[in-house]
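Q: Need coordinates for the following:
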Amino acid sequence: MIAGGPKPVAPFSHAVETDGFVFVTGQMPDTPQAPGVLPDGIAAQTRAVMENLRLILGGLGLGLEHIVMSRIYLTEFKRDYAEMNEVYRSYFPAGRLPARTCVGVTGLAYDALIEIDLVCRRPS
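A: Got it, this is the predicted structure:
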């Protein structure tokens, strides 16, 4: 668990590390200061999730540049896919995007529009 990190919505750790790989649990678009309170719209929720991921990674001494794979879950796939992509892409330098899977789902905790989990690699 990362001190000051988002409050888990279920029994899990923020991240687990093994053999140089770091698996970051899916993060929601709330904040550590206001658990369960979500911003309006996919753009704001995507930014909130990315900032939570940045917070978790920072607590592990890592950054977004250490992401090797992300999985994105959207409850309104057709409506939100393009706008989410615009925000998501803004967090990475050109030519340095991690591998990714994005799927539509029927529901997420807190009735969120988005959740993102990560696989990262610690530099050796």
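Q: ok now the helix or strand containing Leu53, how far from the chain's centre?
A: Assigned by DSSP states H and E, Leu53 belongs to helix 42-59. Put simply, helix 42-59 sits 6 Å off its chain's centre (Cα atoms, centre = their mean, to the nearest Å).
Q: Also stretch 74-81?
A: The answer for stretch 74-81 is 16 Å, by Cα atoms, centre = their mean.
Q: before we move on, what about stretch 90-110?
A: With Cα atoms, centre = their mean, you get 8 Å for stretch 90-110.
Q: again, but for stretch 20-37
A: With Cα atoms, centre = their mean, you get 7 Å for stretch 20-37.
Q: picking up where we left off before, next SSE after the helix holding Leu53?
A: Counting by DSSP H and E, the next helix or strand C-terminal to helix 42-59 is strand 67-74.
Q: Tell me how far the closest residue in space to Ile114 that isn't next to it in sequence lies from Pro32.
A: Nearest residue to Ile114 in three dimensions, chain neighbours excluded: Gln45, at 5.1 Å (Cβ to Cβ, 6 or more residues apart in numbering). Backbone N, C-alpha and C define where each C-beta goes, glycine included. According to Cβ to Cβ, to the nearest Å, Gln45 and Pro32 sit 16 Å apart.
Q: who's more crowded, those two?
A: A direct count of neighbours by other Cβ atoms under 10 Å for Gln45 and Pro32 places Gln45 higher, at 23 against 13.
Q: wait, isn't that one in contact with Asp111?
A: No. Applying Cβ atoms under 8 Å as the test, Gln45 and Asp111 come out as separate, 10.7 Å apart.
Q: send the alpha carbons of stretch 116-124 over as PDB?
A: Backbone C-alpha positions of stretch 116-124 (Å, rounded to 0.1, in the frame of the first residue of the first chain) are rendered in PDB as follows:
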ATOM      1  CA  ILE A 116      -6.900   1.500 -15.600                       C
ATOM      2  CA  ASP A 117      -4.400  -1.100 -14.400                       C
ATOM      3  CA  LEU A 118      -0.800  -1.400 -15.200                       C
ATOM      4  CA  VAL A 119       2.200  -3.700 -15.600                       C
ATOM      5  CA  CYS A 120       5.500  -1.900 -15.100                       C
ATOM      6  CA  ARG A 121       9.200  -2.900 -15.200                       C
ATOM      7  CA  ARG A 122      11.600  -1.600 -12.700                       C
ATOM      8  CA  PRO A 123      15.000  -0.700 -14.300                       C
ATOM      9  CA  SER A 124      17.800  -3.100 -13.500                       C
END
